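Participant: model the structure of this input:
(one chain, ligands or ions: 2)
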Amino acid sequence: MGSLTNTEGLRFAVVVARFNEIVTNLLLQGALEAFERYSVKAENITVVSVPGSFEIPVAAQKLGKSGKYDAILCIGAVIRGDTTHYDAVANSAASGVLNAGLSA
Ligand SMILES: Nc1c(NC[C@H](O)[C@H](O)[C@H](O)CO)[nH]c(=O)[nH]c1=O
Ligand SMILES: CC(=O)[C@@H](O)COP(=O)(O)O
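Facilitator: Ligands and ions are numbered 1, 2, ... in the order given. Coordinates of the predicted model:
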């Protein structure tokens, strides 16, 4: 039976976008603190930095296909500006992460 609290031996990867890092760094910090609260050892956490959310799926898929991780956390912050960039980046990141999860 699976458990949400027994993390013994579980390995995690975190993909974090550097774009809007004023936000994503805080989200990463919160994730690492949560891992610590659940006794996840630092050596069982791999953090991969990518330029922006558009690149998150590329890293997430590669990490997922490696078979080395029990879960992969994706962190990005897409902020609407004056152009349609928001829709392109957000939609691509969301569908890309979904596909990465489905193909892992
Ligand atoms: N505008 C945001 C971006 N844009 C950058 C892209 O994610 C990508 O890195 C670039 O187009 C090079 O391929 N990224 C975010 O994460 N958040 C944004 O608000
Ligand atoms: C998602 C983005 O690319 C956005 O934050 C950048 O702002 P703009 O749409 O004004 O280029």
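Participant: so which residues of this structure form helices?
Facilitator: 21-37, 56-66, 85-103 (DSSP state H).
Participant: can you list contacts of the last one?
Facilitator: The contact list for helix 85-103 (CB atoms under 8 Å, 6 or more residues apart in numbering) reads 52-54, 56-58, 60-61, 64-65, 72, 74, 76, 78-80. Any C-beta I mention is one placed from the backbone N, CA and C, and that applies to glycine too.
Participant: do the same with the second one
Facilitator: Around helix 56-66, the neighbours that count as contacts under CB under 8 Å, 6+ apart are 13, 15, 17, 46, 48, 50, 69, 72, 74-76, 92-93, 95-97, 99-101, 103-104.
Participant: of the contacts of helix 85-103, closest to Tyr38?
Facilitator: Distance to Tyr38, by CB to CB, is smallest for Ile72 among these, at 16.2 Å.
Participant: for that closest one, what are its contacts?
Facilitator: Per CB under 8 Å, 6+ apart, neighbours of Ile72: Phe12, Ala13, Val14, Val15, Ala60, Leu63, Gly64, Ala100, Gly101, Ala104.
Participant: which residue packs closest to the closest residue to ligand 1 within the chain, ignoring adjacent ones?
Facilitator: Closest contact between the chain and ligand 1, by CB to the nearest ligand atom, is at Gly52 (2.3 Å). Counting by CB to CB, 6 or more residues apart in numbering, Gly52 lies nearest to Phe19, which is 3.6 Å off, once chain neighbours are set aside.
Participant: all set, thanks.
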